[in-house]
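> Structure for the following, please:
(4 chains)
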Number of protein chains: 2
Amino acid sequence: MRRPATLASLAAELGVSRTTVSNAYNRPDQLSPELRRRVLETARRLGYPGPDPVARSLRTRKAGAVGLLLTENLSYAFRDPAALGFLEGLALACEGAGQGLHLVPVNPEREDVAAVHRAGVDGFVVYSVPDDDPHLAAVLSRPVPTVVADQPHVEGVDRVGIDDRGAITALAKRLIALGHRRVGVLCMRLTRDRNDGFVSTDRAETATFHVQRARLAGLTDAFSAVGVDWGRVPVVERFDHSISSGASAAAQLLDADPHVTALICTSDILALGALAEARRRGLRVPQDLTVTGFDGIADADRAGLTTVRQPVLEKGRAAGKLLLASVDPTRPREITLNTELVPGATAAPPRTAEERWFGP
Amino acid sequence: MRRPATLASLAAELGVSRTTVSNAYNRPDQLSPELRRRVLETARRLGYPGPDPVARSLRTRKAGAVGLLLTENLSYAFRDPAALGFLEGLALACEGAGQGLHLVPVNPEREDVAAVHRAGVDGFVVYSVPDDDPHLAAVLSRPVPTVVADQPHVEGVDRVGIDDRGAITALAKRLIALGHRRVGVLCMRLTRDRNDGFVSTDRAETATFHVQRARLAGLTDAFSAVGVDWGRVPVVERFDHSISSGASAAAQLLDADPHVTALICTSDILALGALAEARRRGLRVPQDLTVTGFDGIADADRAGLTTVRQPVLEKGRAAGKLLLASVDPTRPREITLNTELVPGATAAPPRTAEERWFGP
DNA sequence: CTGAAAGCGCTAACAG
DNA sequence: CTGTTAGCGCTTTCAG
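Purely as a prediction, here's the structure:
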């Protein structure tokens, strides 16, 4: 088989100009139906598959795709309902605009930013990566529009998110109103390095995962305001985001401080794990222990978890829309979506000391 | 701001050739560290973001990405655990090879194949689309390697899948051994058109979704072999793949034929819906009704569903590996993964007529 | 309705 | 180690 046909060879074969062949594909109204038929017919005969997408992209300066940069490992994204919701929303937005969605391969092992530079895309969405992620820096260095989601604001870059700090503060106030003062916190990983265990105040404040940092800060705000010494509040971190991680974190925390009356978790997944651990220990929720989550995923709903619901699908869709509207100077530069407190059934007033010893 | 810097303008500025600049990025060992430093430094100063990925792709004939063609609507894929597992496996394979994963936007509304032609990718994976999907045809017309998964074999195209027909036959034999003869079937959509309701033998045989067709055929095999007149077996189809669809399908079937002793579902999701409907009707499973699924998703496990487990993540990974190994002529051309019967706890012998009337 | 001219921005021999 | 040459395959004014 000879080398593959190109638009030029097709034109030669037909004895017409390249323009005409190009038009046959891209501007059917620019040539006679008859000629067009002939062109397409000959293309089929020669096995010409139509204009090469890459060459076309080079010429038109449009790749027809949006790049998506996700947390270190992709598997994570496919297992976390909140991330999935975002992905779905973004995919929907792309689909609606006829744009492809290019998942940038981020090899967790070797730190290789090359993939970002190799991605033929018209723009990027960056979702919840650590502030110091080199891939993020690489994305920002590319001369294409970018939208960050669940990330700190970057000068000149559009942004989508929620008020993590305020939302969890509201939840905390609810617990405070119920009477909780001695609480424990379970959070997701705070930096790129694994640190399964207790978290110092300093670590919490310098966490490079913006969302986690903001949520912890929100808790500090609320409890400090009522005189709780936040430095004494036990905070346990887990690198892996899974129900079993949540369970083990809860175990670690309860072992260290059996007197906490509430376990505040920065994600529903962790909270579901905490519920499992409470059950294992024979602690009734919420009578013996209050447990709260964050996100509002379906499983949390089913479990009746007290949590904060955020519109993850909308967030993804908003990110996509913002990116695809980059040409429009009147678009918003920043979108903060609303959250909603879900009362659920896993929060109640703490037991009094008497109750602890003598039963309800 | 003047027009963006290019490799050529950088070279001019530096007074070196374009090759040298190119080498600075792509072959650091081909020039002195000092010169390289100067090049990169000047690049930063001029705001040159590095070689344009599209131009590079055109030149190298490598896009560095794999295209993925999925069922009509993307949301579906993000909500179906089996599809998600496949996606995760594929993403893992791509990630491992440093390849991007380009989700092809398939607009469910207008039938627009253009996106397939616009995708700058080195190959395609096609997962579970109808046999007559025009996007599939478009993919096959492109001169790049392709792997189909959960699809019928296509001449010259690599394939990954399981033995759907055999696997469900094995499950059916189990039910037959238990004594079930009067059964009903719940299946997913069989064609691109919506048809929520009963399925004729003809429709079942001409279904364009290969997987569903194969599973129904497997059931026919097993039950026909023991003398059950398959033409009389009620089969209910649902377009939407959700638990509530499964429930409504079960309701429709049980209303039409209250005497079936088993509900065989072609997916776990549908089966979970059937379980819910059974519960709603006060039917005990498996004493009053046997229910089976297919896939082996986590929720099915949790529900103790009798089903067939298939290695969805492995399937995705295998598809990716096969595609990325396309250059290797010794690779397998077709991979059939093993499935496993999961006994579960939702299948039992049917109640006898006496038991039906007088209780167990 | 058709064609000629002019690159899009880059890389890969190959020769110095 | 560096430069010259020669396109990759296509689209797009702008004339005819």
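> drop to CA atoms for contacts and neighbour counts, all remaining ones
Fine.
> Phi, psi for residue A:198 please.
Note on residue A:198: its backbone torsions stand at phi -70, psi 150 [degrees, to the nearest 10].
> how about the residues of chain A that lie near DNA strand D?
Within chain A, the residues that sit near DNA strand D (Cα under 7 Å from any atom of the strand) are A:6-8, A:18-19, A:22-23, A:26, A:50-53, A:55-56, A:58-60.
> Looking at the residues you listed, which are in strands?
Nothing among these maps onto strands, per DSSP state E.
> Put the buried members of those residues into a ChimeraX selection.
Those of the residues of chain A next to DNA strand D that count as buried under 16 or more other Cα atoms under 10 Å in any protein chain shown are selected in ChimeraX with:
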select /A:6,7,18,22,50,51,52,53,55,56,58
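> filter the residues of chain A next to DNA strand D by proximity to chain B?
A:50-53, A:55, A:58 (Cα under 8 Å from any Cα of the partner chain).
> Nearest to DNA strand D among these?
residue A:51 (3.1 Å; Cα to the nearest atom of the strand).
> wait, isn't the closest one in contact with residue A:9?
No. The pair residue A:51 / residue A:9 is not scored as a contact, 11.8 Å apart, by Cα atoms under 8 Å.
> thinking again about what came up before, so which two of the ones next to chain B among the residues of chain A next to DNA strand D are the farthest from each other?
A:50 and A:58 (15.6 Å; Cα to Cα).
> Verify the stated contact: residue A:241 with residue A:190.
No. Counting by Cα under 8 Å, residue A:241 sits too far from residue A:190 to count as a contact (11.6 Å).
> With neighbour numbers in mind, choose between these two.
residue A:190 (24 against 18; other Cα atoms under 10 Å in any protein chain shown).
> For that one, which non-adjacent residue is closest in space?
residue A:207 (4.8 Å; Cα to Cα, 6 or more residues apart in numbering or on different chains).
> where does chain A have low pLDDT?
Within chain A, the set of residues satisfying pLDDT under 70 comprises A:1-3, A:353-360.
> Around DNA strand C, which positions in it sit nearby?
Near DNA strand C, when you scan chain A using Cα under 7 Å from any atom of the strand, you find A:15-20, A:29-33, A:35, A:55, A:58-59.
> Tell me, how many residues neighbour the residue nearest to residue A:190?
19.
> likewise residue A:116?
Residues contacting residue A:116 under the criterion other Cα under 10 Å number 27.
> Kindly state the beta-bridge partners for the residue in chain A that chain B sits nearest to.
Residue nearest to chain B within chain A: residue A:102 (4.2 Å; Cα to the nearest Cα). Using DSSP bridges, the beta-bridge partners of residue A:102 come out as residue A:67, residue B:102.
> For chain A, which residues are neighbours of chain B?
A:49-55, A:57-58, A:63-65, A:74-75, A:78, A:84, A:88, A:91-92, A:94-96, A:98-107, A:115, A:117-120, A:141-143.
> Check those for burial and list the buried ones.
Here, 16+ other Cα under 10 Å leaves A:49-55, A:57-58, A:63-65, A:74, A:78, A:84, A:88, A:91-92, A:94-96, A:98-107, A:115, A:117-120, A:141-142 buried among these.
> re the thing from before, does the residue of chain A closest to chain B really touch residue A:63, like I thought?
No. Between residue A:102 and residue A:63 there is no contact under Cα under 8 Å: 10.5 Å.
> shared neighbours, those two?
residue A:121 (Cα atoms under 8 Å, 6 or more residues apart in numbering or on different chains).
> Next, count neighbours for residue A:43.
The number of residues packed around residue A:43, counting by other Cα under 10 Å, is 22.
> Next one: it from DNA strand D, what distance?
11 Å (Cα to the nearest atom of the strand, to the nearest Å).
> Surely that residue is in a helix?
Yes. Assessed with DSSP: H, G, I helix; E, B strand; the rest coil, residue A:43 lies in a helix.
> Would you pull up the residue in the stretch 101-250 of chain A closest to DNA strand C?
residue A:118 (9.2 Å).
> how about that residue, what does it touch?
B:52-54, B:63-64.
> Of the residues you listed, which are in range of chain A?
Restricting the contacts of residue A:118 to contacts with chain A (Cα under 8 Å from any Cα) yields B:52-54, B:63-64.
> Check those residues against DNA strand C and report the nearest one.
Using Cα to the nearest atom of the strand, those come closest to DNA strand C at residue B:52, 4.0 Å.
> Give me the angle between the helix or strand hosting residue A:94 and helix B:81-96.
Secondary-structure assignment from DSSP states H and E places residue A:94 in helix A:81-96. Inter-element angle recorded for helix A:81-96 and helix B:81-96: 80 degrees (by axes from the mean of the first three to the mean of the last three Cα atoms, to 10 degrees).
> Show me the helices in the stretch 251-360 of chain A, by range?
For the stretch 251-360 of chain A, the helices defined by DSSP state H, counting those that start in this stretch cover A:268-280, A:298-303, A:312-324, A:353-358.
> Could you dump these into JSON lines and include mean neighbour count?
Output for those, formatted as JSON lines (neighbours: other Cα atoms under 10 Å in any protein chain shown):
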{"stretch": "helix A:268-280", "mean neighbour count": "24"}
{"stretch": "helix A:298-303", "mean neighbour count": "14"}
{"stretch": "helix A:312-324", "mean neighbour count": "24"}
{"stretch": "helix A:353-358", "mean neighbour count": "10"}
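> so which of those gets nearest residue B:267?
helix A:298-303 (20.3 Å).
> how many other residues sit next to residue A:255?
10.
> can you tell me how far it sits from residue A:115?
Plainly put, residue A:255 is 44 Å away from residue A:115 if you go by Cα to Cα, to the nearest Å.
> go on, residue A:234?
For residue A:234, the distance to residue A:115 - Cα to Cα - is 40 Å.
> what does residue A:224 give?
Relative to residue A:115, and taking Cα to Cα, residue A:224 is found at 44 Å.
> Might you report the residue contacts of residue A:293?
A:264-272, A:300, A:305-308.
> Not counting its neighbours along the chain, what's nearest residue A:337?
In space, residue A:337 is closest to residue A:162, 5.0 Å off (Cα to Cα, 6+ apart).
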